[in-house]
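Chemist: Generate coordinates for the sequence data below:
(chains A and B)
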There are 2 protein chains.
Amino acid sequence: MSQSILVIGAGKSSSSLISYLLGFCETNSYKLIVGDLSEELAKSRVKDSNIAEAIRFDINDSEVRSHYIQQSTVVISMLPAFMHPIVAKDCLKYKKHLVTASYISEEIQQMHEDAIKKGILIMGEMGLDPGIDHMSAMKIIDDIKKKGGQIKSFKSFTGGLIAPESDNNPWHYKFSWNPRNVVLAGQGTASYLLNGKKRYIPYQRLFSELESVGLNEVGEFDGYANRDSLHYIEKYNLEGIDTILRGTLRYGGYCQAWNIFVQLGLTDDSFVIDDADRLTYLEFIKSFLPSGVSDIVGYLINNFGATKEIINKIEWLEILSDRRIKLERGTPAQILQHLLEEKWKLEQYDKDMIVMQHQFEYDIEGQRKSHISNLVVKGENQVDTAMAKTVGLPMGILAKLILKRKTNLRGVQIPVMSEVYEPVLSELDGLGVKFFSS
Amino acid sequence: MSQSILVIGAGKSSSSLISYLLGFCETNSYKLIVGDLSEELAKSRVKDSNIAEAIRFDINDSEVRSHYIQQSTVVISMLPAFMHPIVAKDCLKYKKHLVTASYISEEIQQMHEDAIKKGILIMGEMGLDPGIDHMSAMKIIDDIKKKGGQIKSFKSFTGGLIAPESDNNPWHYKFSWNPRNVVLAGQGTASYLLNGKKRYIPYQRLFSELESVGLNEVGEFDGYANRDSLHYIEKYNLEGIDTILRGTLRYGGYCQAWNIFVQLGLTDDSFVIDDADRLTYLEFIKSFLPSGVSDIVGYLINNFGATKEIINKIEWLEILSDRRIKLERGTPAQILQHLLEEKWKLEQYDKDMIVMQHQFEYDIEGQRKSHISNLVVKGENQVDTAMAKTVGLPMGILAKLILKRKTNLRGVQIPVMSEVYEPVLSELDGLGVKFFSS
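Modeler: Below is the predicted model:
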């Protein structure tokens, strides 16, 4: 049987991945199967390629699922993270490799021994963040260690942003990936290591404890902490490090304004407002204010330190207006998201922008040195986004390495080893995903 | 076969229930079976009664479970709420009635039709709060309606507190029930109705949006909103009401101080600190503060408006001291709970106190009237608490009504109907659980 790749999920973020795989499979006479709940969508991605097949794929249809997984050599799952275990179980059963861009969950981690026994690789965190961040950081970490250096501090920030030339709203933000994840970002408590001490930031303070991050000629950003940085001390072989922090970047002012929504309770996803469509956005906001507040703007200024800038951002969203909510029912987070999807929409010719910065401090020959590595990637338009490119290409390149038997990695992994990061970063560089020092 | 009652769970809150059932079963020659993971504990509750049997009962042992449920007429589950569905499924299978003091979950609610078909009653919310609050409120609601009144506003507050004569700490609080529930109380968003508008209070503002509640000769309290008051508009047949709020009572000052723990992130139960026993409580607290804060008390005063009173409460807990944490690992909530269980321990001769207040406003014959109904119950000591009495007795009395065939209720229910509340409240009154107007 000739080798083949199965991509499950043909949504927005699959565009670059599928384009890349089409080219590679045509050259090598491999087969590509693209499955999606919408057969139309799958068809639109594979176009008229004669090595590719577009199918309707329902993850809950076990017959279809096992039929197509059995036929493939590598499966790439672009499904929401909670669905990966279903795919992974079939991959174990039929001994097929699996690649995803999602964080490794506890349930997937448990499959490590079994994956080794079955001789398959389950590679997670193989997108942008997590993904390219792991690979590019590990390349520098291994280089510094090879030179005899000892890493003391590592901070890494990534943002999926809007390119300055397409930035025409006061939030300086548009959606280049799943809006739901943006609205729910940071719920829980973030943990990191600072000067040898573990530190925790609860959700209600996450967007007010910021770190400034500057990239020459690109701009000044605010970074807020990602959920669990401590986890990566072991993953990156950084035992003994003093400081480790992974964070998310936004343009200045975004976090302070978003914090107001967090404080009001608008990002709650745990209960449903069942008469949402009978409310205006103003009434929606008022329902989260203490009784007796009539001057909302005054309340936000006095209680949450909202500046004129912040009020301007909030008012621009029309969330303090008599506009009706068009969702019949939904959680506060869903109602907020519904409005933001309109306001923060990436328009047809908008360019998104990925910004990543790694900041290292290390000791070598008795001296403290620092090293900063940056990545800036701009998208081309609404479809060919920097996000789709940087999330999709690493998975596509890894699939190629597997099919060409360039890696013998087995088990549940994330891309921290040179046998993965060297060839992937090298090919990414050729495709325009280039890091530079500053 | 003679009738019998199975009580699952013989912990603290089962003491009054089991004493009551022992008396009742002896008089009527019914059998009582008390099961607990600890056979010792079950034995200590049934003492040397010759109509009662104490057994080791593991909810996950399906053989033991079905064996004992099959034998019984009524099952009373004192297990944690998430375990009730396992018991309920067996009750449906063997057509046995089930009584619990827990909120009806979605999963239990789904069993309504099946319970009717099988001819069994699954009664939830049959303790104190929820339980006695439902019954006593519904009695007043039905009375007002019978007189032709229209209820405009209903607020109901309940607190499980320490009696003034046993109150010797600055928090004016000791644990009379599950400490874990006290530490995690209020997570999520509370919802209620105020002057015809739905209102929401997110967790991070819950303990600062308080309502004063006074009970003559008993004291002044602060009430914070319970999770979902809106739900009870339908349950209580109060469609068209303007205001409905259910809340929890604490002595003045408690909520403001507890709010500091919420703001710091100490009540988070979603991640584990795995080196807890290497930390002092001071280090634990510091790990939740922004980097660079050295004057903790100053930070709490400036950022969270902590008063001298509040600082005094916090310092009394020794949570700003060099005392070591004695838990090996745990979530922040578990680490906090571990300390509180020592500090807020109900001592052998301490008396706890239950306080409940219903506040009604209603229109009758063109006039606005108000009615306030109060309940104050004091415990006797560490074991015979007001909490165990008020949670346990309603379930015991209902079990009696079922065995004596005084009710034909079937399906999934909560105690809002007169056929339940009349006999239960009347017997409770005789047992010292008496409401009075003010």
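Chemist: need the residues of chain A near chain B, please.
Modeler: A:188-189, A:191, A:194-195, A:197-202, A:204-205, A:209, A:228, A:263-265, A:268, A:270-271, A:273, A:275, A:283, A:286-288, A:290-291, A:332 (Cβ under 8 Å from any Cβ of the partner chain). Yep, even glycine has a C-beta here, placed from its N, CA and C like the rest.
Chemist: Could you list which of those belong to helices?
Modeler: If you go by DSSP state H, the residues of chain A next to chain B have A:204-205, A:263-264, A:283, A:286, A:332 in helices.
Chemist: Just give me the closest of those residues to B:Tyr349.
Modeler: A:Gln204 (40.3 Å; Cβ to Cβ).
Chemist: which residues does the closest one contact?
Modeler: With contact set as Cβ atoms under 8 Å, 6 or more residues apart in numbering or on different chains, A:Gln204 has these partners: A:262-263, B:204, B:263, B:265.
Chemist: Going by distance to B:Glu40, which of these wins?
Modeler: B:Glu40 lies nearest to B:Gly265 out of the contacts of A:Gln204, by Cβ to Cβ, at 38.6 Å.
Chemist: dump the residue contacts of the closest residue to the closest one other than its chain neighbours.
Modeler: Take B:Gly265 and drop its neighbours on the chain: the residue closest to it by Cβ to Cβ, 6 or more residues apart in numbering or on different chains is A:Pro202, 2.9 Å away. By Cβ under 8 Å, 6+ apart, A:Pro202 lies in contact with A:189, B:263-265, B:268, B:288.
Chemist: Identify the farthest-apart pair in the ones in helices among the residues of chain A next to chain B.
Modeler: Maximum distance among these (Cβ to Cβ): 28.4 Å, for A:Arg205 and A:Glu283.
Chemist: Tell me the one of the contacts of A:Pro202 nearest A:Gly305?
Modeler: Using Cβ to Cβ, the contacts of A:Pro202 come closest to A:Gly305 at B:Gln263, 14.9 Å.
Chemist: what residues are up against that closest one?
Modeler: Listed by Cβ under 8 Å, 6+ apart, the contact partners of B:Gln263 are A:202, A:204-205, B:204, B:303-304.
Chemist: Turn those residues into a markdown table, columns for distance to A:Asn381 and pLDDT.
Modeler: Compiled in a markdown table, the contacts of B:Gln263 are given as follows (distance: Cβ to Cβ, whole Å; pLDDT from 0 to 100):
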| residue | distance to A:Asn381 | pLDDT |
| --- | --- | --- |
| A:Pro202 | 39 | 95 |
| A:Gln204 | 38 | 92 |
| A:Arg205 | 38 | 93 |
| B:Gln204 | 40 | 92 |
| B:Asn303 | 45 | 90 |
| B:Phe304 | 47 | 90 |
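Chemist: Report pLDDT for A:Gly188.
Modeler: At A:Gly188, the predicted lDDT confidence score is 86.
Chemist: from what I can see it touches B:Asp269, true?
Modeler: No - contact criterion Cβ atoms under 8 Å: A:Gly188 and B:Asp269 do not qualify, at 10.2 Å.
Chemist: Which helix in chain A has the most residues?
Modeler: Chain A, longest helix under DSSP H: helix A:386-403.
Chemist: Contacts only, for A:Phe207.
Modeler: A:186, A:224, A:255-256, A:258-259, A:262.
Chemist: Break down the stretch 201-350 of chain A into its strands, ranges please.
Modeler: A:211-215, A:219-225, A:243-251 (DSSP state E, counting those that start in this stretch).
Chemist: Now do the first one: distance to the chain's middle.
Modeler: The chain centroid and the centroid of strand A:211-215 are separated by 19 Å under Cα atoms, centre = their mean, to the nearest Å.
Chemist: Give the pairing partners of it; include direction for each.
Modeler: strand A:219-225 (antiparallel) (DSSP bridges).
Chemist: For the strand it pairs with, buried residues please.
Modeler: Buried residues in strand A:219-225, counted by 16 or more other Cβ atoms under 10 Å in any protein chain shown: A:219, A:221-225.
Chemist: How about residues contacting stretch A:412-425?
Modeler: Contacts to stretch A:412-425, defined as Cβ under 8 Å, 6+ apart, come from residues A:104, A:108-109, A:111-112, A:115, A:121-126, A:130-132, A:134-136, A:138-139, A:142, A:235-237, A:394, A:397-398, A:401, A:406-407, A:409, A:435.
Chemist: try 7 Å this time
Modeler: With contacts defined as Cβ atoms under 7 Å, 6 or more residues apart in numbering or on different chains, stretch A:412-425 is touched by A:104, A:108-109, A:111-112, A:115, A:121-126, A:130-131, A:134-136, A:138-139, A:142, A:235-236, A:394, A:397-398, A:401, A:406-407, A:409.
Chemist: No further questions, thank you.
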